[in-house]
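A.B. asks: model this:
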Amino acid sequence: MSDARTPAQIEADIISRREQLAVVLDEIGVRVHPKTIIGDAKAKVAGTVDRTAGRAYVAVNRAVSDVKAQFVTVEGSPRLERVIPVALLAVGVVGLVVASGRRGRR
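C.D. replies: Numbering: from 1, shown residues only. Got it, this is the predicted structure:
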């Protein structure tokens, strides 16, 4: 059994390895190119913003639903025992703001 290779086989191996190395170097060049790095960074930031916005939307939606549940029954009718005191409080606050604004102008 002979492991000796011919010069033509060695040359073919060298050519094959050069081609493989050229492909690898091209891939590395693309990966370290500033446009690629910037594009990857932008994609990562966009993904983070999308996830953060999604979480914020879910949190706000949950908070609105929780507040709504405090003032509306499951059937959709208002809970007057809770709506009336809040409405009176809002009217009182608006009245105080208007009254204090009038005093400040005198």
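A.B. asks: Tell me where the protein has helices.
C.D. replies: 7-32, 34-71, 80-105 (DSSP state H).
A.B. asks: Could you export those helices as TSV, including mean neighbour count?
C.D. replies: Placement of C-beta: from N, CA and C, glycine included. Listed next are these as TSV, based on neighbours: other C-beta atoms under 10 Å:
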stretch	mean neighbour count
helix 7-32	10
helix 34-71	10
helix 80-105	10
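A.B. asks: can you redo those helices as TSV with mean pLDDT?
C.D. replies: Converted to TSV, the helices of the chain look like this (pLDDT from 0 to 100):
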stretch	mean pLDDT
helix 7-32	95
helix 34-71	93
helix 80-105	89
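A.B. asks: mind checking how far stretch 75-87 is from the chain centre?
C.D. replies: In terms of C-alpha atoms, centre = their mean, to the nearest Å, the centre of stretch 75-87 is found 36 Å from the chain centre.
A.B. asks: Renumber starting at 557 from here on
C.D. replies: With 557 as the first residue, the last one maps to stretch 631-643.
A.B. asks: got the contact list for it?
C.D. replies: Residues outside stretch 631-643 that contact it (C-beta atoms under 8 Å, 6 or more residues apart in numbering): 626, 627, 628, 629.
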